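S.K.: can you look at this prediction? I've put the sequence above it.
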Amino acid sequence: MNEASRDDIDFHTRRWVRREDLNAHGTLFGGSLLRWIDEEATIYSIVQLDNHHVVTKYMSEIDFVISARKGDVIEMGLRASAFVRTSITMRAEVRNMITHKTILRIERVVFVTLDADGTLVTQGHHDITLDRDRPFEVSST
(Lines give C-alpha, C1' and ligand atoms only; values in the text may rest on other atoms or scores of the structure.)
Protein backbone atom coordinates (compact mmCIF):
# COMPACT_ATOMS: atom_id res chain seq x y z
CA MET A 1 0.00 0.00 0.00
CA ASN A 2 1.40 3.39 -0.89
CA GLU A 3 1.24 6.64 1.08
CA ALA A 4 -2.26 7.41 -0.24
CA SER A 5 -5.18 6.11 1.78
CA ARG A 6 -7.35 3.23 0.65
CA ASP A 7 -10.08 4.19 -1.78
CA ASP A 8 -12.80 2.32 0.09
CA ILE A 9 -12.47 4.30 3.33
CA ASP A 10 -15.03 7.08 3.72
CA PHE A 11 -13.50 10.23 5.20
CA HIS A 12 -16.15 12.39 6.85
CA THR A 13 -14.73 14.10 9.90
CA ARG A 14 -11.95 16.64 10.03
CA ARG A 15 -10.07 17.93 13.05
CA TRP A 16 -7.66 20.79 13.38
CA VAL A 17 -4.64 19.86 15.51
CA ARG A 18 -4.28 22.52 18.17
CA ARG A 19 -1.73 23.21 20.89
CA GLU A 20 -3.78 21.46 23.57
CA ASP A 21 -3.79 18.27 21.44
CA LEU A 22 0.02 17.93 21.49
CA ASN A 23 2.27 15.66 23.55
CA ALA A 24 5.66 16.54 25.08
CA HIS A 25 7.34 16.05 21.68
CA GLY A 26 5.12 18.65 20.00
CA THR A 27 3.17 16.11 17.95
CA LEU A 28 -0.43 14.95 18.20
CA PHE A 29 -1.02 13.04 21.45
CA GLY A 30 -2.06 9.48 20.62
CA GLY A 31 -4.68 9.45 23.38
CA SER A 32 -6.46 12.43 21.83
CA LEU A 33 -6.41 10.79 18.42
CA LEU A 34 -7.81 7.51 19.80
CA ARG A 35 -10.57 9.41 21.62
CA TRP A 36 -11.52 11.12 18.34
CA ILE A 37 -11.48 7.79 16.45
CA ASP A 38 -13.62 6.12 19.12
CA GLU A 39 -16.14 8.96 18.96
CA GLU A 40 -16.24 8.85 15.14
CA ALA A 41 -16.60 5.04 15.21
CA THR A 42 -19.43 5.32 17.73
CA ILE A 43 -21.33 7.75 15.49
CA TYR A 44 -20.64 5.56 12.45
CA SER A 45 -21.94 2.50 14.35
CA ILE A 46 -25.07 4.33 15.48
CA VAL A 47 -25.84 5.29 11.86
CA GLN A 48 -25.04 1.88 10.40
CA LEU A 49 -26.91 -0.09 13.09
CA ASP A 50 -29.77 2.36 13.65
CA ASN A 51 -29.25 2.00 17.40
CA HIS A 52 -28.11 4.66 19.86
CA HIS A 53 -26.98 1.98 22.32
CA VAL A 54 -23.60 0.83 21.00
CA VAL A 55 -20.29 0.37 22.78
CA THR A 56 -16.71 -0.31 21.75
CA LYS A 57 -15.94 -4.00 22.23
CA TYR A 58 -12.51 -4.35 20.63
CA MET A 59 -9.75 -2.49 18.79
CA SER A 60 -6.99 -4.42 17.05
CA GLU A 61 -3.40 -3.28 16.88
CA ILE A 62 -3.13 0.46 16.35
CA ASP A 63 -0.55 1.42 13.73
CA PHE A 64 0.75 4.97 14.21
CA VAL A 65 2.39 5.60 10.82
CA ILE A 66 3.44 9.27 10.98
CA SER A 67 2.87 12.15 13.37
CA ALA A 68 0.61 15.15 13.01
CA ARG A 69 1.72 18.56 14.19
CA LYS A 70 0.07 21.74 15.41
CA GLY A 71 -1.89 23.36 12.59
CA ASP A 72 -2.37 20.15 10.59
CA VAL A 73 -5.90 19.30 9.49
CA ILE A 74 -6.58 15.60 9.74
CA GLU A 75 -9.39 13.47 8.33
CA MET A 76 -10.85 10.41 10.02
CA GLY A 77 -12.26 7.65 7.88
CA LEU A 78 -14.13 4.43 8.55
CA ARG A 79 -15.58 1.57 6.55
CA ALA A 80 -17.72 -1.28 7.83
CA SER A 81 -16.16 -4.62 6.92
CA ALA A 82 -18.58 -7.04 8.61
CA PHE A 83 -21.99 -7.21 10.19
CA VAL A 84 -22.56 -10.04 12.63
CA ARG A 85 -25.59 -10.92 14.72
CA THR A 86 -24.79 -8.47 17.55
CA SER A 87 -21.95 -6.35 16.17
CA ILE A 88 -20.35 -4.32 13.43
CA THR A 89 -16.66 -4.47 12.52
CA MET A 90 -14.93 -1.63 10.71
CA ARG A 91 -11.55 -0.39 9.58
CA ALA A 92 -10.29 3.05 10.60
CA GLU A 93 -7.76 5.35 9.06
CA VAL A 94 -6.62 8.88 9.84
CA ARG A 95 -4.75 10.93 7.27
CA ASN A 96 -3.39 14.40 6.76
CA MET A 97 -6.04 16.23 4.75
CA ILE A 98 -3.52 18.16 2.63
CA THR A 99 -0.89 15.49 1.91
CA HIS A 100 -3.19 12.45 2.24
CA LYS A 101 -0.38 10.68 4.12
CA THR A 102 -1.68 8.09 6.56
CA ILE A 103 -1.26 9.01 10.22
CA LEU A 104 -2.94 6.00 11.82
CA ARG A 105 -4.55 2.69 10.80
CA ILE A 106 -6.68 0.27 12.80
CA GLU A 107 -7.69 -2.88 10.93
CA ARG A 108 -10.50 -3.95 13.28
CA VAL A 109 -12.78 -1.88 15.49
CA VAL A 110 -15.76 -3.82 16.82
CA PHE A 111 -18.91 -2.29 18.28
CA VAL A 112 -21.75 -4.26 19.86
CA THR A 113 -25.40 -3.32 20.14
CA LEU A 114 -27.16 -3.10 23.49
CA ASP A 115 -30.69 -2.50 24.63
CA ALA A 116 -31.59 0.37 26.96
CA ASP A 117 -30.64 -1.81 29.95
CA GLY A 118 -27.19 -2.62 28.60
CA THR A 119 -27.94 -6.19 27.50
CA LEU A 120 -26.40 -7.47 24.26
CA VAL A 121 -29.03 -7.55 21.50
CA THR A 122 -29.25 -8.66 17.90
CA GLN A 123 -28.90 -5.88 15.37
CA GLY A 124 -31.10 -5.95 12.31
CA HIS A 125 -28.86 -4.65 9.51
CA HIS A 126 -26.64 -6.72 7.25
CA ASP A 127 -25.48 -4.19 4.69
CA ILE A 128 -23.52 -0.96 4.68
CA THR A 129 -25.44 2.22 3.99
CA LEU A 130 -23.59 5.01 2.28
CA ASP A 131 -26.46 7.30 3.23
CA ARG A 132 -25.19 8.95 6.42
CA ASP A 133 -28.77 9.81 7.39
CA ARG A 134 -30.37 6.42 7.95
CA PRO A 135 -33.69 7.34 9.59
CA PHE A 136 -33.94 6.55 13.28
CA GLU A 137 -36.94 5.33 15.18
CA VAL A 138 -37.63 7.75 18.00
CA SER A 139 -38.05 6.06 21.37
CA SER A 140 -39.26 7.49 24.62
CA THR A 141 -36.43 5.92 26.66
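M.R.: Thanks, I have it.

S.K.: without its sequence neighbours, what residue ends up closest to the residue most central in space within the chain?
M.R.: In the chain, the residue lying closest to the centroid (Cα atoms, centre = their mean) is Ala41, at 3.0 Å. Computed as Cβ to Cβ, 6 or more residues apart in numbering, the closest residue to Ala41 that is not its neighbour in sequence is Val109, at 5.1 Å. All C-beta spots, glycine's among them, are computed from the backbone N, C-alpha and C.

S.K.: check what pLDDT the one you found gets.
M.R.: Per-residue pLDDT puts Val109 at 97.

S.K.: so it sits against Val54, correct?
M.R.: No - taking contacts as Cβ atoms under 8 Å, Val109 lies outside contact range of Val54: 11.3 Å.

S.K.: what about the two, which has more around it?
M.R.: Between Val109 and Val54, counted using other Cβ atoms under 10 Å, the more crowded position is Val109 (26 against 21).

S.K.: hang on, the residue nearest to Ala41 is in a strand, isn't it?
M.R.: Yes - assessed by DSSP: H, G, I helix; E, B strand; the rest coil, Val109 belongs to a strand.

S.K.: what sits against it?
M.R.: Contact analysis of Val109 by Cβ atoms under 8 Å, 6 or more residues apart in numbering lists Ile37, Ala41, Thr56, Tyr58, Met59, Ser60, Leu78, Thr89, Met90, Arg91, Ala92.

S.K.: quick one on the thing from earlier: the helix or strand containing the residue nearest to the centre of the chain packs against which elements?
M.R.: Applying DSSP states H and E as the criterion places Ala41 in helix 30-49. Where contact means 3 or more Cβ pairs under 8 Å, 6 or more residues apart in numbering; DSSP states H and E, helix 30-49 is packed against strand 10-16, strand 54-59, strand 62-64, strand 73-84, strand 87-96, strand 102-113.

S.K.: which of the contacts of Val109 are buried? Put it as a ChimeraX command.
M.R.: Per 16 or more other Cβ atoms under 10 Å, the buried members of the contacts of Val109 correspond to this ChimeraX selection:
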select :37,41,59,78,89,90,91,92
